[in-house]
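Trainee: Below are the sequence and a predicted model; questions follow.
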Amino acid sequence: MSAGPCDSRTDRSRPWRIVLAALGGLWAALLLPLPATVWGVTQWAWLFDQPMYVWARQWAADPYITFGALSSLSFLAVGAALFADLRRARWGGIVMAWLIIVGAPLTALSYLNTAVAAPLHFLWGWEAYALLGVGAGGIAAAATAGPRWGIGVRSVLGMTFLILVVGTIALGYWPHGSLVVLALEAVGVIAAAPRDAAFTTAEDSTPPETAQQRRSTPTP
């Protein structure tokens, strides 16, 4: 039987999902200097020659492709972390969560087909479309979430595209920079999302004495 919207596993898993989303952002941040610097972004050049990154460049045949494709794990971590809460935001939230998850294979395929001779070279750069989709999904999630979700959380979901743009500009490279801020958004959304109690029905919330009176009232 599938879990309903009031499944307490959503609340019980909340701390672990916050950690998962944070790890997804940390992973993207750690990878960021490698493909960004190879691409020509000078913002992270000071880290490029640090011992950890020198070792990573020696390990990878092509740092741009390898550490670009590995950012797909961040899409997967953030999407998986958000899914339990976003499904409670009805179809808009479910669409947003799936668009984040779909960003994982799309990003991997994009980087792995960087070379002009690659069979799926036309997919190179398509992670940008995944991010655009996530931004649009955020608007849909905000629209369908309903009053149980606080106005602050709905506002953040609705501004997902703006958050991604600001993060990308600030950190100088996408999708890694975009994923860092998306993970921060996810941590906030998971922490502030409505709990199980917000989804109880009016009948469930009836005071015990009222329910007892209702049961003891004779039926005409």
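Mentor: Perfect, thanks for sending it.
Trainee: for the spatially most central residue of the chain, what are its contacts?
Mentor: Nearest to the mean C-alpha position of the chain, by Cα atoms, centre = their mean, lies V78 at 3.6 Å. The neighbours of V78, taking Cβ atoms under 8 Å, 6 or more residues apart in numbering as the test, are 21, 24-25, 100, 179, 182-183, 186. Just so you know, the C-beta spots here come from the backbone N, C-alpha and C atoms, and that holds for glycine as well.
Trainee: what do you get for A145?
Mentor: 88-90, 92-93, 153-154, 157.
Trainee: so what's the residue nearest to the centre of the chain scoring on pLDDT?
Mentor: With respect to pLDDT, V78 scores 98.
Trainee: Excluding chain neighbours, what is closest to it?
Mentor: Nearest residue to V78 in three dimensions, chain neighbours excluded: G24, at 4.4 Å (Cβ to Cβ, 6 or more residues apart in numbering).
Trainee: Quick check: phi and psi on that neighbour?
Mentor: Dihedral angles of G24 (phi, psi; degrees, to the nearest 10) stand at phi -60, psi -40.
Trainee: ok, it to R87 distance?
Mentor: The gap separating G24 from R87 is 18 Å, by Cβ to Cβ, to the nearest Å.
Trainee: related to what we said a few turns ago, quick one: which of the contacts of V78 sit in helices?
Mentor: 21, 24-25, 100, 179, 182-183, 186 (DSSP state H).
Trainee: which one of those residues has the most neighbours?
Mentor: Greatest neighbour count in the ones in helices among the contacts of V78, by other Cβ atoms under 10 Å, goes to L179: 35 neighbours.
Trainee: Give me the pLDDT value at that residue.
Mentor: pLDDT at L179 comes out at 98.
Trainee: how about the helices in the protein?
Mentor: For the chain, the helices defined by DSSP H occupy 9-12, 14-31, 33-39, 45-48, 51-59, 63-69, 72-86, 90-112, 127-144, 151-158, 160-171, 176-192, 208-216.
Trainee: Ok, which of those helices comes nearest F199?
Mentor: helix 9-12 (9.4 Å; Cβ to Cβ).
Trainee: hmm, who's touching that closest one?
Mentor: 3, 84-85, 88, 195-196.
Trainee: for L34, what are its contacts?
Mentor: Counting by Cβ under 8 Å, 6+ apart, L34 touches 48, 53, 56-57, 60, 63-64, 66-67.
Trainee: again with A108
Mentor: Contact analysis of A108 by Cβ under 8 Å, 6+ apart lists 69, 72.
Trainee: same deal with the one 10 residues further on?
Mentor: For A118, the contacting residues are 112, 124, by Cβ under 8 Å, 6+ apart.
Trainee: returning to that earlier point: of the contacts of L34 - the most surrounded one?
Mentor: Neighbour-wise, the contacts of L34 (other Cβ under 10 Å) top out at F67, 23 neighbours.
Trainee: so what pLDDT did that residue get?
Mentor: pLDDT recorded at F67 is 96.
Trainee: Could you do F48 as well?
Mentor: The predicted local confidence for F48 is 87.
Trainee: for E203, same thing?
Mentor: Per-residue pLDDT puts E203 at 37.
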